[in-house]
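Visitor: Got a predicted model here, sequence first, then my questions.
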Amino acid sequence: MIFCGDPHPAAHMPLPGYPRGGVGACTGDKKCSCTVNPLVTPPASRAEYNYTISWRWTYTRSNIFTPSPKMKLKLLTWDVKDTLLRLRLPVGQQYQAEAKSRGLQVDSAALDSSFRQVYSNHWRLFPNYGLSQGMTSHRWWLDVVSQTFRLSGIQDEKILQSLSERLYQDFCTDRYWEVLPGAREALKGCEELGLRMAVISNFDRRLEDILRHVDLDGHFDFVLTSESAGVAKPDLGIFHKALKLGAVSPQCAAHIGDDFVKDYKAAREAGMFSLLLQNRLRKDIPSDHVIQSLDQLIPRLREVME
């Protein structure tokens, strides 16, 4: 006897505590797909049923798994920061270097702490670069950088203006950004699988320039930033816009990113398949939905594609 998660009610003798037609002892009904996707042992709990049956089961907003065949995947969308690119050095060190070039002494740890505080407050008060409040992303970033230096002890407004503008411009080049290990190989592998690719990122309008400077821009059909979309992840609107631009249904699209809420969960709520890039497994999602490095991406995609 085997146990499976096929929801066809005629195929199962339900196990206690599970919904009728859910996980159960298979009776061998030909309508059951357990020969394709069996579970050798029954799940230990309803929570395990909800989270670890198999990658073939799609988690929905009502906490129910529904079976899905292998995907006809056409479009893969990517997050960028800490998925494809990362900062070469912490923000505090990069800001300190620019200040030092002007003869100013500022502690990098103080700059790091100030930046985190200012960025968080500014995004809360003026979300998505303040676009709905009449701001531009350029103005938004100049304010963030200036206030970061103010909190770290620099008060001269002329110096602050010059520092902020210089850093804003430099951060759209490869001076401060580097490609994550395995990213180029993963992008090439996706192309060899026949996938079209695009970007969905909570970045500002400089992102296309950054991707061009690091020689990644040629991999993408389009780059959709939260600034150009008018909404930021995890708002489902940005995913819907990407699907429209890609001219694909959610069932034919997948997304990969490093943030559970903004990337993994939001993409699934938009109807897409998604993978979470993190260096450790999580208890709240199936292990097959997590890749711990980009060299695991292509084998995982092969598993889910027709």
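Guide: Cool, the structure landed.

Visitor: Tell me which other helices or strands the longest helix seen in the chain touches.
Guide: Looking across the chain with DSSP state H, the single longest helix is helix 108-125. Secondary structure elements in contact with helix 108-125, counted by 3 or more CB pairs under 8 Å, 6 or more residues apart in numbering; DSSP states H and E, are helix 91-100, helix 137-151. For every residue, glycine as well, the C-beta is placed using N, CA and C.

Visitor: Would you mind putting the ones you listed into CSV with distance to N202 alongside?
Guide: As requested, the helices and strands packed on helix 108-125 are exported to CSV (distance: least, CB to CB, whole Å):
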stretch, distance to N202
helix 91-100, 16
helix 137-151, 11
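
Visitor: that older thread, report the angle between the longest helix of the chain and helix 91-100.
Guide: Helix 108-125 and helix 91-100 meet at an angle of 110 degrees, taking axes from the mean of the first three to the mean of the last three CA atoms, to 10 degrees as the criterion.

Visitor: residues of helix 108-125 that come out buried?
Guide: Buried positions in helix 108-125, judged by neighbour count with 16 or more other CB atoms under 10 Å: 108, 110-112, 114-115, 118-119, 122-123.

Visitor: wait, what's in contact with K100?
Guide: Neighbouring residues of K100 by CB atoms under 8 Å, 6 or more residues apart in numbering: V106.

Visitor: roughly how far apart are it and Q147?
Guide: 20 Å (CB to CB, to the nearest Å).

Visitor: Same check on L297?
Guide: In terms of CB to CB, L297 sits 38 Å off from Q147.

Visitor: cool, and Y264?
Guide: Y264 is 32 Å from Q147, by CB to CB.

Visitor: Sketch out the low-pLDDT regions of the protein for me.
Guide: Scanning the chain for pLDDT under 70 picks out 1-69, 306.

Visitor: How about the most centrally placed residue in the chain, nearest residue that isn't a chain neighbour?
Guide: By CA atoms, centre = their mean, the mean C-alpha position of the chain lies nearest to G257, the distance being 2.3 Å. Nearest in space to G257, with sequence neighbours left out and distances taken as CB to CB, 6 or more residues apart in numbering, is D263 at 2.6 Å.

Visitor: The one you found belongs to a helix?
Guide: Yes - per DSSP: H, G, I helix; E, B strand; the rest coil, D263 lies within a helix segment.

Visitor: What residue spans form the domains of this structure?
Guide: Domain ranges of the chain: 3-61, 75-83+179-304, 89-170, per automatic domain parsing.

Visitor: Buried deepest among the ones you listed, which one?
Guide: Highest mean neighbour count of these: domain 75-83+179-304, a mean of 18 (counted as mean count of other CB atoms under 10 Å).

Visitor: chain center to that one, what's the gap?
Guide: 6 Å (CA atoms, centre = their mean, to the nearest Å).

Visitor: Can you give me the end-to-end span of it?
Guide: 13 Å (CA to CA, to the nearest Å).

Visitor: Okay, now stretch 277-284: how far is its last residue from its first?
Guide: 14 Å.

Visitor: just how off-centre is stretch 135-147 within its chain?
Guide: Worked out by CA atoms, centre = their mean, stretch 135-147 lies 24 Å from the chain centre.

Visitor: do the same with stretch 74-90
Guide: Counting by CA atoms, centre = their mean, stretch 74-90 comes out at 8 Å from the chain centroid.

Visitor: for stretch 95-108, same thing?
Guide: Stretch 95-108 has its C-alpha centroid displaced from the chain centroid by 33 Å (CA atoms, centre = their mean).

Visitor: Output it as CSV, restricted to C-alpha atoms.
Guide: The C-alpha coordinates for stretch 95-108 follow below in CSV (Å, rounded to 0.1, in the frame of the first residue of the first chain):
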residue,chain,number,x,y,z
TYR,A,95,29.8,56.3,1.3
GLN,A,96,32.9,56.7,3.5
ALA,A,97,35.2,56.3,0.5
GLU,A,98,33.4,59.1,-1.3
ALA,A,99,33.5,61.3,1.7
LYS,A,100,37.2,60.6,2.2
SER,A,101,38.0,61.6,-1.4
ARG,A,102,36.7,65.0,-0.4
GLY,A,103,38.8,65.2,2.8
LEU,A,104,36.0,64.3,5.1
GLN,A,105,36.3,61.7,8.0
VAL,A,106,33.2,59.7,8.7
ASP,A,107,32.8,56.4,10.4
SER,A,108,31.6,53.7,8.1
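
Visitor: quick revisit: any idea how far E192 is from the residue nearest to G257?
Guide: 24 Å.

Visitor: L125 now?
Guide: Applying CB to CB, the value for L125 to E192 is 45 Å.

Visitor: do D204 as well
Guide: 32 Å.

Visitor: Also Y129?
Guide: Distance, Y129 to E192, by CB to CB: 36 Å.
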